[in-house]
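Asker: What shape does this take:
(2 chains)
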Amino acid sequence: MAETATPPQTRPETRSETRHGPAAWREPLVSLALLALLAGCAIWADAAGEPYYVNLASRIAILAMAGAGLNLALGFGGMVSFGHAAFFGLGGYAAGIAAHHAMNYEPVFAWPFVIEASDQMPAIWLAGMVMAGLAGLVFGALSLRTSGVYFIMITLAFAQMIYYFAVSWPAYGGEDGLSIYVRNSFPGLDSYDPLSFFALAFAGLLATMGITRVLMSSRFGAALSMARLNETRLATAGIRPFPIRLTAFGVSAVLTGWAGALYADLNGFVSPAMMSWHMSGELIVFCILGGVGRLAGPVAGAAAWVLLETFLGGATERWPFFLGLALLAVVLFFRGGIVGALAGKPRDG
Amino acid sequence: MTLALLIEQLLNGVQLGVMLFLAAAGLTLVFGVMGLINLAHGSLYMTGAFVCAWVAGSTGSFWLGLVAGAAAAAAAGALVEALVLRRLYDRDHLDQVLATFALILVFSEGARWIFGPQPLWLDVPAALQGAVSLPGGAAYPTYRLAIIGAGVAAAVLLWLLIARTRMGMRIRAGESDREMIGALGVNISVLYTAVFALGAGLAGFAGAMVGALQSVQVGMGEPVLILAFVVIVIGGIGSIKGALVGALLVGVVDTLGRVFLPMGFAAFLPPSEASGVGAAVASLLIYLLMAGVLVWRPKGLFPADG
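Answerer: Numbering: from 1, shown residues only, chains lettered A, B, ... in the order given. A predicted model of the protein is given here:
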């Protein structure tokens, strides 16, 4: 009601003020700088003959990609999903299952129709994205009937459902997981070369961020932002919020599933742990640590998390304890995340 | 399928249900009064179990351990509320999720630090060892019956506290209008700490009781937390009655599903496959139940506020 009382002529003015705030030009710069830094580190580590650090950069790129997928739902759409690990894991299992059958020269399914196994990444990515997307649509359709804290708990519960299913289904390793003995291949690249694999992961990250950016600057993105900011106003404009949210949730699941397929190939292993609620929590942490609803937020967040984990883990066995304290300090005292600190307040915070 | 097996499994389900109720009651109370989503609730459950096992191990008295476990969980809850969570009541759920997720890391690693990486074991007290024979000829462990009794007693006490005392009146008032009861001169921050400690104490009590049935280890609170979420989503967030009904429903459906589904599948599948398929489907059952309730009533069975 308060919005309708505002005189109409003041609206364009406030909008242009926020458009020209510091974030308007600083944020793309920060995004580009973060991406360039990540790619630069990987190339430098490869030149220095340190494959360990190239793989670390790949890990950051893939986790950032998963976080960026979640960011579309969580940051831009305001849907706090605590279940994105399910989509991440489904993508991972697509890679694991395909590699498992391809190694044994047998089809994935023989009945009711035959699906041949493939060890080609593009086919596997597609399979992972389809699986994650279908799960996203089903879970989204059920969870989006609710909002707020219900939504958080229900997405968590659905992810746990998939997790327990993976644990108790013996065909693909159950609790022990599935090893990928031969890394899946990509046409024209040696996927075993660390830098080539990093290039694949980095391309995935760029694509994920690009898709997010294109979506968010379209009419669809405007509707999604309005669904987050003021649902009633969106409905007044004649747009039903539910299909907008469900589409965003589905796309978000697809992107996270793609990241999962890459992650399984990076580790050469997939297990239910990839779907555990700890993983969902970590994905949320990437988004918040980096800056909620900021395009490069998950990149900054995933990089900070992986580096903290690696170097705290090297310094003390008790690293989760100190990581927890550091996270608490971030929530309590540094709001807006890393990108917020670098690029100023967002346009519509 | 005999009557004795059915009764035995039904009792197991009720026993799981009352424990889930004790864990879920605090969660739903804290959400109803303070609007806080607390992921670290499972850690308080774990705290109760660890302190109980440690005190019982060093003094030899299970009962002392039980009291100490519940008290330690309540104290840890009060401390966490005063130091951290109090600052988060006005924030959105996202910040609360992140902060309480961080608390889980601190609690789990802290417990490993203090009590060591090995699981602790807790013996059933001498007075409750042995079994009681049931109609139908089956024997049922006395301790599990005692858990059901203790859980029901705790539920009745909680109901009396909330429905019949001045403190309960304030809690109910806090649920319906937080600002107003502050304006009426009730010390809100003391009330919040008390509510949080109460919920934590119930969770710690449940953890201590269950500690004698399974090993006491880091991470034991997490499956319970997830089940407690399912319970309060089914029951309606903020509703104690909903938590009770939801907990019993989840406990019974989960337990019976795990026993009888593999048997059911064995009727038309070879035994080796039936147990695998049955176990996999049984693990989905309570989530399907939750999805069904949500489709039917998106706010849960007993919505706390209109």
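Asker: need the contact list for residue 53.
Answerer: If you meant another chain, say so; for now it's chain A. Residues near A:Tyr53 by Cβ atoms under 8 Å, 6 or more residues apart in numbering or on different chains: A:41-42, A:45. Backbone N, C-alpha and C define where each C-beta goes, glycine included.
Asker: oops, I was thinking of chain B
Answerer: Counting by Cβ under 8 Å, 6+ apart, B:Ala53 makes contact with B:65, B:120-122, B:211, B:216.
Asker: one step back: within reach of chain B, which of the contacts of A:Tyr53 are there?
Answerer: For chain B, no contacts are drawn from the contacts of A:Tyr53 by Cβ under 8 Å from any Cβ of the partner chain.
Asker: can you tell me how far B:Ser275 sits from chain A?
Answerer: B:Ser275 sits 9 Å away from chain A, going by Cβ to the nearest Cβ, to the nearest Å.
Asker: who wins for neighbours among the contacts of A:Tyr53?
Answerer: Looking at those with neighbours defined as other Cβ atoms under 10 Å in any protein chain shown, the largest count falls to A:Ala42 at 25 neighbours.
Asker: which SS class is that residue?
Answerer: Classification of A:Ala42 using DSSP: H, G, I helix; E, B strand; the rest coil returns helix.
Asker: Test my guess that B:Gly242 contacts B:Leu249.
Answerer: No - B:Gly242 lies out of contact with B:Leu249 (Cβ atoms under 8 Å); the separation is 10.2 Å.
Asker: can you list residues touching both of the two?
Answerer: B:Ile234.
Asker: Now flag whichever of the contacts of A:Tyr53 is closest to chain B.
Answerer: Distance to chain B, by Cβ to the nearest Cβ, is smallest for A:Cys41 among the contacts of A:Tyr53, at 26.6 Å.
Asker: close enough to count as contact, that closest one and A:Ala57?
Answerer: Yes - with contact defined as Cβ under 8 Å, A:Cys41 counts as touching A:Ala57 (5.5 Å).
Asker: which residue ranges form the strands in chain B?
Answerer: For chain B, the strands defined by DSSP state E occupy B:131-133, B:139-141.
Asker: what pairs with the first one, and is each one parallel or antiparallel?
Answerer: Paired strands of strand B:131-133, with direction, are strand B:139-141 (antiparallel) (DSSP bridges).
Asker: List the contacts of the strand it pairs with.
Answerer: Residues outside strand B:139-141 that contact it (Cβ under 8 Å, 6+ apart) are B:8, B:11, B:130-134.
Asker: Export those residues to JSON lines and append columns for neighbour count and pLDDT.
Answerer: Putting these into JSON lines (neighbours: other Cβ atoms under 10 Å in any protein chain shown; pLDDT from 0 to 100) gives the following:
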{"residue": "B:Glu8", "neighbour count": "20", "pLDDT": "86"}
{"residue": "B:Leu11", "neighbour count": "19", "pLDDT": "90"}
{"residue": "B:Gly130", "neighbour count": "11", "pLDDT": "80"}
{"residue": "B:Ala131", "neighbour count": "13", "pLDDT": "81"}
{"residue": "B:Val132", "neighbour count": "11", "pLDDT": "82"}
{"residue": "B:Ser133", "neighbour count": "10", "pLDDT": "80"}
{"residue": "B:Leu134", "neighbour count": "15", "pLDDT": "74"}
